[in-house]
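Participant: here's a sequence, model it:
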Amino acid sequence: MAKLNSSLKRDITHISYPSNRKRNDYWAGYMPFKITEKPIDYKDKYVGEKEDIIFLNNSYIVSKDPQHIFPLIFGGITLFIALYFLSILYFSDIWSISNTIILIICTSSVIFFTIYYFTMPLKQVIFDRYNGLITFPGFLWNRPITMKFESIRMLHAGGALGSPTADMLYVKRPDRIIGSKYMLHVGGNLDTNLSFIVWYMDKNRPLPDGDAFDDYRKKDYKRRKEEGFPPPLFRTFIPTDEFKLKWQIERDKHWKDIISTNQNGDISHQLWQSGENIALHGEWKEVVPQ
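Facilitator: Below you'll find the model as predicted:
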């Protein structure tokens, strides 16, 4: 696994969004902060410089951004178009003002993407589990954005009827650029991707499954035990088990998930809390992003 020499802690840059959430969040495209299915098991061999996740432990996950793909793809497309129109100009007597406009636009785009390719800032996504923060890249040369995880707006895009593109998970940037969003990807489909991120960012739950986290589970368990096993932040529709049975027995004295299904097949999630846990942390109330 890669080791990072610099600190991963970031200061908050944005507290909220400039506009209120729509009343119907589902139709607005915003994803709920819920663990809808069992997340993927993150294997240690899939963490490193050449993988989607370049670093993880009990405090942080650092996901890389394929930052050079964007200018290469669009720069290559506009270069091809520019060369095509240059060939028309050279080999044909037919030329129009519209061809000139297209050639100027494509040539300018090639120059723009070339400059961006060599000057783009480092783009990474940092999940700060303990402090409940997420850092993701700004638009083009803009500085990275750091917000409280519970305040971000996640949405899905792609996967239209008949489209070969699968649904992808995005986070909306809190700036005023219309449609500005950034794709979040740590592996898996839309639901497993979302569930993994929400599970990891719920610092009151055990770490997700996968041997990549095995070296950090004991430390994380001791922290939660010292804090009195605070109840989870986000709702889940699958049981959340501890890594060891004795850890599970100890935690169940304080809180445990109650997952039930009614006759219609609807799954619900409740939480049992001991009186001691309620006195220490209050009755459980799910975090609702603003």
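Participant: switch to C-alpha atoms for all contacts and neighbour counts from now on
Facilitator: Will do.
Participant: neighbours of the nearest residue to L133 once chain neighbours are set aside, just the number please.
Facilitator: Once flanking residues are discounted, L133 sits nearest to K148: 4.5 Å by Cα to Cα, 6 or more residues apart in numbering. Neighbourhood size, K148 [other Cα atoms under 10 Å]: 18.
Participant: pretty sure K148 is touching I12, no?
Facilitator: Yes - counting by Cα atoms under 8 Å, K148 touches I12, with 7.5 Å between them.
Participant: intersection of neighbour lists for the two?
Facilitator: Shared contacts of K148 and I12, defined by Cα atoms under 8 Å, 6 or more residues apart in numbering, are found at L133.
Participant: what sits against S274?
Facilitator: 253-255.
Participant: all helices in this structure, in order from the N-terminus.
Facilitator: 25-28, 69-91, 97-119, 190-201, 217-226, 245-252, 275-281 (DSSP state H).
Participant: can you give me phi and psi for the closest residue to P174 other than its chain neighbours?
Facilitator: In space, and not counting its chain neighbours, P174 is closest to Y17: 4.8 Å by Cα to Cα, 6+ apart. Dihedral angles of Y17 (phi, psi; degrees, to the nearest 10) stand at phi -100, psi 150.
Participant: D257 bridge partners, please.
Facilitator: Note on D257: beta-bridge partners by DSSP bridges are L271.
Participant: now do the contacts for it.
Facilitator: 239-240, 269-272.
Participant: what of G188?
Facilitator: Counting by Cα under 8 Å, 6+ apart, G188 has contacts I40.
Participant: now do the same for it: its pLDDT.
Facilitator: Reading off the confidence values, G188 has pLDDT 76.
Participant: next: the one 3 residues further on.
Facilitator: The score at D191 is 86. That number is its pLDDT.
Participant: these two touch, right, it and T36?
Facilitator: Yes - contact criterion Cα under 8 Å: D191 and T36 qualify, at 6.7 Å.
Participant: just the contacts of D257 now: which is nearest G76?
Facilitator: Of all these, G76 sits closest to T240, with 46.8 Å by Cα to Cα.
Participant: what's the nearest residue to the closest one if we skip its chain neighbours?
Facilitator: Using Cα to Cα, 6+ apart, the closest residue to T240 is D257 (6.9 Å).
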